[in-house]
Each structure stands twice: as C-alpha cells, then as structure tokens.
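[1] I would like the atomic coordinates for the input below:
(one chain, ligands or ions: 1)
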Amino acid sequence: MEISRLDKELLEKKYPNDTSYLAKLKANYPVQYLIGDVSFCGYPIQVNESVLIPRFETEYLVDKTSKIIQKLNLTSPTILDIGTGSGCIAISLKKIIPSSFVTALDISEEALKTAKENAKLNNVDITFFHQDILNSKIPDYDVIISNPPYIAYDEKVAPEVKYEPSLALYASDQGLEFYKKIVDNLALIHFKLCAFEIGATQKEPIVNYIKAKLPAYQVTCEKDYNNLDRYIFIMKV
Ligand SMILES: C[S@@+](CC[C@H](N)C(=O)[O-])C[C@H]1O[C@@H](n2cnc3c(N)ncnc32)[C@H](O)[C@@H]1O
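    Numbers count the residues shown, from 1 in each chain. Predicted coordinates:
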C-alpha cells in the first residue's frame, strides 16, 4: 500500500527498531491503525480495529451540520450521534458548538471505549450510551446526526477496508436498513434537523422514503468533494 512521506516518518518514529509493520502495509493493513490516530476536523482522534477510520468526507458532514445549526439559531441544541464509532462526529460538534449537549450511542462496547478515550483526549463532555438502534427507540433531540453502516453485503470494498469492523460497514436492505429505521423513529419524535451521510448511489431510495414518512419536512441532498451525492439534511419547513 502506498503511504505518504509524513506517514512514513510517523511510523519510523513510532516503531524505531521494528520494521514488521512493512509486511502489514504490504497486506493492505490501514496505515492509520498502525499510527494509532488521525486528525478529524483538526482534532486528534485515536483509532484501532474496533472503530471505523474517520473519513475525509465525514468532516464535511460535521461542517455543514454545524453551519445549519447556527442558521437555525439553535444556541444550546441537544444533539444525538447515532453509531458514533471513534466519536469523531460527536467530539467535533461539541468542540465547534461548546454550548451544545451532545449524546452519542453505539452498539459496540469496544468502539464506545475508544470514543470515551477520545472525548477525554479532546477535553469534551459527551454522554455515551450502549444502544442497538435497530431494536430500540430514541426520544426527542434537536439534532440527530448519523453516518451509519451503509454498504450492501454483496458490494465490493477496497482491500484495506476489510480490516475495519464489519459492524461499522455493512447493512441489510441494500445498505438502507439504518436510514429506514432512523426515519421511522423520526416520525414519532420532535426534532429540528437530521443529517445523514449516505452511500453515493443511495440518494433516491432514501429521499423517497423520507418524503413518504416525513411529509412536513424539507429534504435536501448535497454532494461531496468528488461530486457524489453524499449528505442528506431533513429540516422542519
Ligand atoms: C460507518 S460507522 C461510523 C462511525 C463514526 N460515526 C464515523 O463517522 O467515523 C457506523 C457505526 O455504527 C455502529 N453500529 C452498527 N450497528 C449499530 C446498531 N445496530 N446500533 C447502534 N450502532 C451501530 C458501528 O459500531 C459503527 O461504529
């Protein structure tokens, strides 16, 4: 696997008398797991095999969501991050909007352990819950945000992705299961904004589902830096 000069320097510093990581890199093991942390929205986030490696495009989800929160004049919003993983979304939002009340949940105890360490590392106060969103309900929140698992089970993934937890990657119903479950729940509660990251081919079925279930809400879709449909925002009109 090709790595940057900076990553090479970091690895040499971290493993001064040990080059066994080279064989791992050759087998497509993610360099981020070897280094042990990444920068997300400018904040340090520790990563290990229990969490998805935060993606560049998810930074835009955080950026855009925080801007909409400000536009909606939500000064002390309650925010829920569903499927928090490393905690990158929850931590960044709390950093950007310090007056917010941020809660984050995940089904993986191991991921929650890492997310809690990351919250401590970044000196932010976040409430973490162990919860299976597919088999439970969530109450009212001003803002709900999620980058859930969205890869269909039969979809091909890059070789390095196979080292990430499958719990963080795959979803049934062609990858739509989590969106549908969350939208069903949204129909039962009061909320002001819901922000999703989606797979590049999923816009149409997700938007159609939202429009059918939440007719009183406005749905917008935005593209990522590669011009792919990547974000959905649901707001009260
Ligand atoms: C795509 S990862 C996103 C991680 C992180 N939010 C990010 O954007 O980098 C999805 C996360 O959802 C969690 N997850 C999977 N199934 C879940 C469920 N049924 N209930 C709650 N969380 C779940 C996984 O453990 C994983 O951390």
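[2] So which bits of the longest helix along the chain are buried?
    Ranked by residue count under DSSP state H, the longest helix found in the chain is helix 56-71. For helix 56-71, a neighbour-count test (16 or more other C-beta atoms under 10 Å) marks E57, T58, E59, Y60, L61, V62, T65, S66, I68, I69 as buried. C-betas here are computed from N, CA, C, even on glycine.
[3] which strands and helices sit next to that helix?
    helix 88-96, strand 143-146, strand 193-197, strand 229-236 (3 or more C-beta pairs under 8 Å, 6 or more residues apart in numbering; DSSP states H and E).
[4] Using CSV, please lay out those together with distance to P77 and mean pLDDT.
    Formatted as CSV, the helices and strands packed on helix 56-71 follow (distance: least, C-beta to C-beta, whole Å; pLDDT from 0 to 100):
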stretch, distance to P77, mean pLDDT
helix 88-96, 9, 98
strand 143-146, 5, 98
strand 193-197, 8, 98
strand 229-236, 13, 96
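[5] V124 is nearest to which of these?
    Comparison of the helices and strands packed on helix 56-71 against V124 by C-beta to C-beta identifies helix 88-96 as nearest, at 4.4 Å.
[6] Please name the residues that touch the nearest residue to T58 once chain neighbours are set aside.
    The shortest distance from T58 to any non-neighbouring residue, by C-beta to C-beta, 6 or more residues apart in numbering, is to N147 (5.5 Å). Counting by C-beta atoms under 8 Å, 6 or more residues apart in numbering, N147 touches T58, L61, G83, G85, I89, F196, E197.
[7] burial of the third one, as a residue count?
    The burial metric for G83, expressed as a neighbour count using other C-beta atoms under 10 Å, is 23.
[8] What is whatever helix or strand K13 lives in packed up against?
    K13 belongs to helix 5-14 when elements are defined using DSSP states H and E. For helix 5-14, the elements it packs on are helix 31-35, judged by 3+ C-beta pairs under 8 Å, 6+ apart.
[9] Is there proximity between the helix or strand just after the helix it packs on and the ligand?
    Sequence-wise, the next helix or strand downstream of helix 31-35 (DSSP H and E) is strand 37-40. No: using C-beta under 6 Å from any ligand atom, strand 37-40 never reaches the ligand; the gap is at least 7.9 Å.
[10] by contact count, what packs against strand 37-40?
    Applying 3+ C-beta pairs under 8 Å, 6+ apart, one finds that strand 37-40 contacts strand 43-46, helix 88-96.
[11] Quick one: neighbours of the closest residue in space to F178 that isn't next to it in sequence, just the number.
    If the residues on either side of it in the chain are set aside, F178 comes closest to P148, at 3.5 Å by C-beta to C-beta, 6+ apart. Neighbouring residues of P148 were enumerated by other C-beta under 10 Å; the total is 20.
[12] and Y225, what does it touch?
    Contacts for Y225 (C-beta under 8 Å, 6+ apart) come out as F56, E57, Y60.
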